[in-house]
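Trainee: Give me a model of this one.
(chains A and B)
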Amino acid sequence: MANKVEVKDVFKTYKRGKTGFHALNGISLSIKEGEFLAVMGPSGSGKSTLLHLIGALDKPTSGDVLIDGTFLSSLSDDALSQIRREKVGFIFQQFNLLPTLTARENILLPLKIAGKSSRENEKYANEIIEAVGLTNFSDHLPEEMSGGQMQRVGIARALAIRPSIILADEPTGNLDSKTSEEILKLLKDCQEKFKQTIIMVTHDAKAAAYGDRIIRLKDGQVDEEVEVYGANLISNL
Amino acid sequence: MLTLFRTFNLRYLAKHKLRTATIIFGVALGVMIVVSIMLLNQSILRSYRSLVDTVAGKATLQVVPNTDSGLPESIAGEVASVKGVKAAIPVVHKDTFVFIKDKQSGALFVYGIDPKKDVAARDYEFAKGRQIKPGEFGAIVVTESWAKEKGLKVDNHIKLTGVEGIKEFRIVGLLANKGPGLANAGLFALVDINTSRALFNRGGKVDQVDVVLISNEKSKTIQSHIKAKLNGRAEVEIPATRGAEIQKSLDSMAFYLDLAAMLAVFVGAFIIFNNLEMSVEERRFGISTLRALGLNRKKIFSLVVTEAVLLGIIGAFLGVILGSLLARAMSEAVAGYLITELRLKITDVGLTTQVLIIGLLMGPTIAAAAAIGPATRMLKVAPLEALKPFETAWRPVGSTLKLIASVLVLLIGVGMLLVLFFVPGFTDKISKNTPQLTNYLLVSIFFAFLGMVLLMPYILAITIKRSNSRSFVLRLALDNLRRVPGRTAATITGMMIALAMMITIVGMVDSWKYYVDDVFDKSLGWDILVQTGFFSGSANVPLNEGFGKELAKIEGVQHVEARNFPFIKFRGYNIQMDIFEMDKFFDISYLEPKDGKYDQMVKDLKAGGSVAVSAMFAKKFGYKKGDILKLDTPTGKARLKIVGVINDAGVDNGFIYIDRRDYKRYWKDNSVDAFAVKAGKDYSVSTVSKKIKDRWEKSYGIKIRENKEFRNEIMSMLDQQFALTNMIIYVAILVAGFGIMNSALINILQRKRELSVIRALGAKRRQIKNLILSESVITGFIGAAFGGIIGIGLGAIIVVGQGMIVDVPIKYLIPWMAIIGSFIIALSLTAIGSVIPARVALKREIVEGISYE
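Mentor: Predicted structure coming up:
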């Protein structure tokens, strides 16, 4: 299967006061189309930074990221916006829903931003709302929903534009174990149903086990890489 | 507490320099405008008193006529005969134009003295040269400062405009910069008293008698003795108390300036409120953590208010300094008006202790008041509340109690305005007392504005509905304005008030201009006005009647008529008298009687022994047609029957229209302020005016104004009266625009996560820019819309009310151009103002916004 995402010798350094912090230290990896990759590692290991670079939210200090063979460094700001708008769906740990929009409106927001709020797309959005179990809450504001419900909205929003890549940053970090399990199953269903490539950052080994492959980052580099064939291998990590 | 203040407040202020500076600026703006207006007002009074005092010298009393007509020379002898009077020194004075090397070079206040007698009243010190000699014609003493400014020396020659034309004088002495040398800001000159009489048509007259008392005599006692002796033929005044007179003249100007100051304080308060709200909001996390660590609500409140007070004190210092500078600029701006209307040049615009204290107290007070809202909101922050992973969608507008209180405040303001204008008994009573009336108006407008400010969040909650717009930009922009109604309301109100004031003032000026123009259309029948100065301006040197005879000989002149416009003191007010040759006046001009009985009025006025009065005068002093008007004149009481009440409202206190024969009989004055000329049917006005100009312009220094030119000058005078107010309003509009930009910045800072999420979802930079632009422009649009509605309402109430107070049929004209202009201004300012916030929003990295603190 072709590589969906390639990360080539990427460095990312943040300025912190007078010193620099190396979040990524020459990391390279490839993610195949339709693969579910779980990224683990301690705090400060560069997991979220890696996710942001793949999602065209940030630019590497050096090195490059390729999506579908396109070098992101060669793209303009608008072209990067287009990548985010058409190819990438984000799921955030903090949900990042717009507080004044209802669940349904939040889900439809990426379509509106992309100017694609057609009847067909809205019908698709309705299907997603049903699929994530939000039919009865679609008119609720975020502040009227539970954490699990908000994360379902976050997932539905990421799916609304039918992205080929879903980037999930600790999607279960703020949820109880039961809700976490439901959310992870939902992600797995997405991978299987829509053949989407999923890259998920997590601290939770159980969550990581939903992936096809798990990589562990340490000091901005890939420290370990494991193919997941069964839950028993998780203990090796 | 001090340590906490240092770490929690001071560090924040030092880190957010722009915000800190903006709060200080907001305080400084309000203080600056108030301080500058107070200083200007005080300096006008001080300059006037200084002029009176320095010129009065040792004189403790002054006998002056109650008009510009002068007093009989014999009055000095009468005064001298009063027991307790040591010396009665006659003076003939006049403002006149100066020519240096045949070029007009401003005006001088020329004092005609008897050098022998005058030493009893004043000590003259000379920098160079000498005093004029008794009877010395053609000699003049000027001040050293004025001579230096004009590059003149002793023995140089200057020319002055006089009743018989331009006359040459040789400078014989320069007064040193002390005592009389400082009078009238140095625009002061001495000539022999008889020279002055000849120059200004004051044969056998004096303009003032300075009274020096025998030591130990009480000035009040002698004042009453002299008054008794003169029996109303002249006023007897203590020089130091003459400031009250000018205070009345300042009152009408002061109202609009006070209104503008109030506006500046409102706008300044919104800036402070917005910024404090922003700074407190930004520290919501810190405050909730402090609460979690055990800090009680009272201390949180104290921290916020103390911070505001500290910034208020700094802002107040800055405001006082800027206010002092602005006062100087304003004094330059009103110099022309003061010289023409009040015959005064401002000499000293220095800061006084009283103004300093008011300015310094005002800053922290405004800041503390503006901080109460944000500080109170912070009291509601629960410990660790800021750690919530999502924001609240809609902030509550406010309690029902607050809504009721807001409606009440608005009703009080509007009610006070309606009562003032539409309850006849109350209107009549209050309109007689100008300061009381202006204070009442200011208080009612203040309450009306405050009511609107307090109600605005509720109005916005009703007017800005949740949009179902397909455009996510418009949808999010409207949502954002609606979600924090308090802040949106404050931003909109700042723009609304500034624009409302602009529309109010333009509406008033336009309506009055239209009315005055209409009156001129009906009443001004002449084609050309011939005079030496302008209208009733101080430096209008009169002409003699013989000049009129010469004018009539010019080919093409069909009608020549003498007119005078002196002021008379009546019940403590300066009233303008329009002296017309009634038997000629109605051939070309018209006065509109309220009762419509024109023919009878004209017949009565032509018969003499009668007057007409303007409707304003009649209302203010309680006269009606048929009443007898008693006027003090240099020859005793004049009893004149009121035969007409005229629709005319040119000046504050109204007019008295008198036949020239009666004026000459009672006031013994045959000088002429202006000649009204009508050209014959077969002659063009410009040809006739050119002939007059060619013949007398150089020899007499006369100025020719054609009808249209005159009307334009009057209209520009009306505009000039509002020049300062307009200046302040434009500053306020700019500041309000700045307030919207500031508010957009606050929104961006508070929604950094939201904006980053939108960008993470694929929004282009242009869409983010459009979102911020939409929010700003919608704010500006709503501000302009409400500003328009309030401006029209307030303008209409004031104009219709003024019409009722002065009793003239004036109609309110809606200033459409100003309304369109206000929309253009508001939308342009807000569009420009959104550029910086948009840059700030786009400069931030997306990941920075979505990362969790």
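
Trainee: now do the same end-to-end measure for stretch B:617-632.
Mentor: From the first residue to the last, stretch B:617-632 extends over 17 Å; the measure is Cα to Cα, to the nearest Å.

Trainee: swap in stretch A:192-201?
Mentor: End-to-end for stretch A:192-201, by Cα to Cα: 19 Å.

Trainee: list the buried ones in that stretch?
Mentor: Of the residues in stretch A:192-201, A:Q196, A:T197, A:I198, A:I199, A:M200, A:V201 count as buried by neighbour count, 16 or more other Cβ atoms under 10 Å in any protein chain shown. No exception for glycine: its C-beta is placed from N, CA and C like everyone else's.

Trainee: Could you dump those into JSON lines and include pLDDT?
Mentor: Listed next are these as JSON lines, based on pLDDT from 0 to 100:
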{"residue": "A:Q196", "pLDDT": "88"}
{"residue": "A:T197", "pLDDT": "93"}
{"residue": "A:I198", "pLDDT": "93"}
{"residue": "A:I199", "pLDDT": "94"}
{"residue": "A:M200", "pLDDT": "93"}
{"residue": "A:V201", "pLDDT": "92"}
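
Trainee: closest to chain B among the residues you listed?
Mentor: A:V201 (12.9 Å; Cβ to the nearest Cβ).

Trainee: quick one on the thing from earlier: which ones among the buried residues of stretch A:192-201 map onto strands?
Mentor: Applying DSSP state E to those, the entries found in strands are A:T197, A:I198, A:I199, A:M200, A:V201.

Trainee: Name the nearest of those relative to A:F90.
Mentor: If you rank these by distance to A:F90 using Cβ to Cβ, A:I199 comes first, at 10.6 Å.

Trainee: The closest one is in contact with A:I166, isn't it?
Mentor: Yes - between A:I199 and A:I166 there is a contact under Cβ atoms under 8 Å: 7.4 Å.

Trainee: Report the next helix or strand after the helix or strand of chain B at the bottom of the mean pLDDT ranking in sequence order.
Mentor: The helix or strand of chain B with the poorest confidence is helix B:335-337; it has a mean of 64 (mean pLDDT, DSSP states H and E). Using DSSP states H and E, the next helix or strand after helix B:335-337 towards the C-terminus is helix B:353-379.

Trainee: mind listing what's buried in that next one?
Mentor: Buried positions in helix B:353-379, judged by neighbour count with 16+ other Cβ under 10 Å: B:355-356, B:358-360, B:362-364, B:366-368, B:370-371, B:373-375, B:377-378.

Trainee: Wait, B:G70 touches B:V92, no?
Mentor: Yes - counting by Cβ under 8 Å, B:G70 touches B:V92, with 7.5 Å between them.

Trainee: intersection of neighbour lists for those two?
Mentor: Any residue near both B:G70 and B:V92 by Cβ atoms under 8 Å, 6 or more residues apart in numbering or on different chains counts here, and that gives B:R202, B:K205, B:V206, B:D207.

Trainee: list the contacts for the first one?
Mentor: By Cβ under 8 Å, 6+ apart, the residues touching B:R202 are B:G70, B:V92, B:K94, B:G112, B:S196.

Trainee: Could you count how many residues lie near B:D348?
Mentor: By the criterion of other Cβ atoms under 10 Å in any protein chain shown, B:D348 has 13 neighbours.
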